[in-house]
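**Q** give the three-dimensional model of this entry:
(one chain, ligands or ions: 1)
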Amino acid sequence: MVRPDWLLPIERPPIHQGFLVLSHDQIQYLGQDLPSQFEHVPQIRLADYAILPGLINSHCHLEFSDLALPISAEKSFASWIQSVIRHRATATPAPSERMSLRRAAMDQGIKESYDCGVRWVVDMTTSPWQAEWVETSVLAIAKAARSWAKHVWVPTIPISVQPCIELVDVNETRLEQTRSFALSLYESRDQQQTCLSPLGPTSQLEAESSIRPVGRLGLAPHSPYTASTELTRWSQRKSFEQHRLVAMHLAESFDEMQWIEKQVGPFESLMRPFVNENYRSGLGSVTERLHCLSQSWRSLVVHGNYLTDSELDYLGLAFEKMAIVHCPRTYAHFGHGNSDGQSMVTRYPMQERMQMGVRHFLGTDSRASNPNLNLWSEAQSVRATQREVSSLDILRMITTDPAEFLRLPGGVGRFQVGSQAGLTAVKLNKNKAATIYDCLLSPETTTHPLEKVLLNEPISPAASEIEKLR
Ligand SMILES: [Zn+2]
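**A** Numbers count the residues shown, from 1 in each chain. A predicted model of the protein is given here:
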């Protein structure tokens with residue numbers, strides 16, 4: 001049993017100095033008063049902490065997690081992409097070395113995310129990638145956590161990664177490479193799920209309703225400058241038929257918009273060596289991509305910084321199946337915001353867009369545009385820059401709202417009896433803010449997996465006594 005200063009289920013009122021009972025990977029009880037059947041359960045008092053649902057990072061590229069510093073974006077978005085391509089080419093010379101470097105980067109990113117209290121990561125995934133890499137990393141985290149102290153409960157699956165496989169069709173070769181990679185992964189994962197579920201393909205979704213290190217594979221037509229309307233439509237059909245998530249970078253930069261609309265600007269020299277005539281002639285618009293995505297099972301519009309009012313209205317109407325993923329520190333890294341594309345950071349119009357009904361989640365994007373994968377810093381950055389958005393709404397964007405939207409298994413991202421107990425602890429500072437939610441998002445608070453902070457706290461009765469109680 002845990003008694004923190006605050007229990008914050010988010011979708012229900014905060015509970016001050018209440019009780020949380022965890023058992024067998026599940027939340028058994030949370031509330032203000034302790035029912036008599038739990039009176040003799042060993043107790044940990046967690047002073048200066050609040051407990052939240054597990055955090056959900058709705059956009060990341062774990063493959064870049066080995067970068068010590070973000071890649072400079074001073075010149076333009078197009079020059080940043082060029083540097084990322086160069087980094088990939090120089091950092092990964094030989095195929096065998098490429099595999100092990102990629103695996104190590106993924107492992108680093110998963111550990112870093114977990115240490116910041118993240119329990120679910122939606123990742124844009126490219127080849128080479130293997131589900132086994134993720135499974136090994138996640139199970140190693142669980143094993144390490146269990147070895148720290150035997151008296152503390154640790155979730156069986158402490159963090160999950162949901163890969164959306166990147167699709168690109170700027171030329172025939174890239175289409176063939178990315179689409180066959182995606183199809184082979186879907187096939188092999190589906191086969192595994194079918195084995196787990198003897199009732200066959202119809203119960204694949206049910207088989208995936210329990211928490212696993214690798215979440216249900218999704219699709220990621222990369223962006224309008226790399227994935228045609230036709231490929232977006234293909235992804236949408238797969239998503240609709242197979243209940244797969246689609247994630248797509250859309251209207252992220254001024255450079256991109258200029259190229260999509262007129263095929264001019266810094267993107268023209270960037271794209272010329274890769275793009276064939278077929279792609280150019282069927283380039284299509286951002287609006288077309290948006291309409292395609294709206295027919296998917298669920299879609300994440302990543303960034304969407306330069307969407308027009310009519311496109312935002314459209315997103316607002318489709319809020320049950322579409323959401324924008326805003327990456328605040330990446331937004332600042334690129335200095336978005338003004339209409340002529342010159343470098344100058346202006347505020348992302350979050351409140352205005354929310355009033356149009358547009359649903360928002362938060363993501364870290366990658367270490368190529370962000371100093372780390374700390375999702376809590378993204379939420380704190382929104383708190384610092386978006387005065388009109390309530391702290392409770394910001395907290396929803398990284399917990400219960402994406403959990404419900406993404407239909408996450410086993411109660412990930414929720415804080416209720418019966419949910420898996422992958423919870424996040426927030427170390428509070430002494431800040432006296434108006435509400436506990438404002439206090440939570442003030443600077444210098446930090447987030448951790450709950451089980452990690454419990455390890456350092458005294459338990460009563462003592463651990464040796466608990467063994468006897470088992
Ligand atoms: Zn991204």
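**Q** wait, Ala220 touches Ile165, no?
**A** Yes. Counting by C-beta atoms under 8 Å, Ala220 touches Ile165, with 6.1 Å between them. Yep, even glycine has a C-beta here, placed from its N, CA and C like the rest.
**Q** mutual contacts of these two, please.
**A** Thr125 (C-beta atoms under 8 Å, 6 or more residues apart in numbering).
**Q** more neighbours: the two, which one.
**A** It is Ala220, of Ala220 and Ile165, that has more neighbours when counted by other C-beta atoms under 10 Å, with 29 against 26.
**Q** phi, psi of the closest residue to that one other than its chain neighbours?
**A** Among residues not flanking Ala220 along the chain, Cys164 sits closest, at 3.8 Å (C-beta to C-beta, 6 or more residues apart in numbering). Phi and psi for Cys164, reported as degrees, to the nearest 10, are phi -110, psi 120.
**Q** which strand residues bridge Cys164?
**A** Under DSSP bridges, the beta-bridge partners of Cys164 are Met124, Gly218.
**Q** for it, give its distance to Leu290.
**A** 17 Å (C-beta to C-beta, to the nearest Å).
**Q** got it, and Ser72?
**A** Taken as C-beta to C-beta, the span from Ser72 to Leu290 is 31 Å.
**Q** ok, Gly18 next?
**A** For Gly18, the distance to Leu290 - C-beta to C-beta - is 43 Å.
**Q** which one's more surrounded, those two?
**A** Leu290 (26 against 19).
**Q** name the SS class of the more buried one, please.
**A** What DSSP: H, G, I helix; E, B strand; the rest coil gives for Leu290 is helix.
**Q** so where's the stretch 1-150 of the chain uncertain?
**A** Within the stretch 1-150 of the chain, the segments meeting pLDDT under 70 span 75, 90-93, 149-150.
**Q** which residue ranges of it form strands?
**A** 2-7, 15-16, 19-23, 26-31, 43-52, 55-60, 118-125 (DSSP state E, counting those that start in this stretch).
**Q** distance to Ile324 and mean neighbour count added to these, as CSV?
**A** CSV is the format used below for the strands of the stretch 1-150 of the chain (distance: least, C-beta to C-beta, whole Å; neighbours: other C-beta atoms under 10 Å):
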stretch, distance to Ile324, mean neighbour count
strand 2-7, 29, 22
strand 15-16, 31, 15
strand 19-23, 33, 19
strand 26-31, 30, 18
strand 43-52, 22, 19
strand 55-60, 10, 29
strand 118-125, 13, 27
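**Q** turn those strands into CSV, columns for distance to Leu317.
**A** Formatted as CSV, the strands of the stretch 1-150 of the chain follow (distance: least, C-beta to C-beta, whole Å):
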stretch, distance to Leu317
strand 2-7, 36
strand 15-16, 36
strand 19-23, 39
strand 26-31, 35
strand 43-52, 31
strand 55-60, 21
strand 118-125, 23
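**Q** could you count how many residues lie near Glu132?
**A** 11.
**Q** how close does it sit to Leu455?
**A** Counting by C-beta to C-beta - Glu132 and Leu455 are separated by 29 Å.
**Q** over to Ala332?
**A** Ala332 is 35 Å from Leu455, by C-beta to C-beta.
**Q** nearest residue to Asn429 other than its sequence neighbours?
**A** Glu444 (4.7 Å).
**Q** could I get the phi/psi values of the one you found?
**A** phi 80, psi 0.
**Q** then the one 3 residues further on?
**A** With angles defined as degrees, to the nearest 10, Thr447 shows backbone torsions of phi -110, psi 150.
**Q** give me the neighbour count for the closest residue to it other than its chain neighbours.
**A** In space, Thr447 comes closest to Gly117 once its chain neighbours are excluded; the distance is 3.6 Å by C-beta to C-beta, 6+ apart. Look at Gly117: counted by other C-beta under 10 Å, it has 26 neighbours.
**Q** ok, now which ones touch Gly117?
**A** 52, 54-55, 375-376, 424-426, 447-449.
**Q** again, but for Arg189
**A** With C-beta under 8 Å, 6+ apart, Arg189 has these contacts: 131, 214, 217.
**Q** same question, Lys452
**A** Per C-beta under 8 Å, 6+ apart, neighbours of Lys452: 115, 145, 148, 425.
**Q** any chance of TSV for these, columns distance to Met99?
**A** Output for the contacts of Lys452, formatted as TSV (distance: C-beta to C-beta, whole Å):
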residue	distance to Met99
Asp115	25
Ala145	27
Trp148	31
Ala425	36
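**Q** hmm, which two among those residues are most spread apart?
**A** Trp148 and Ala425 (15.0 Å; C-beta to C-beta).
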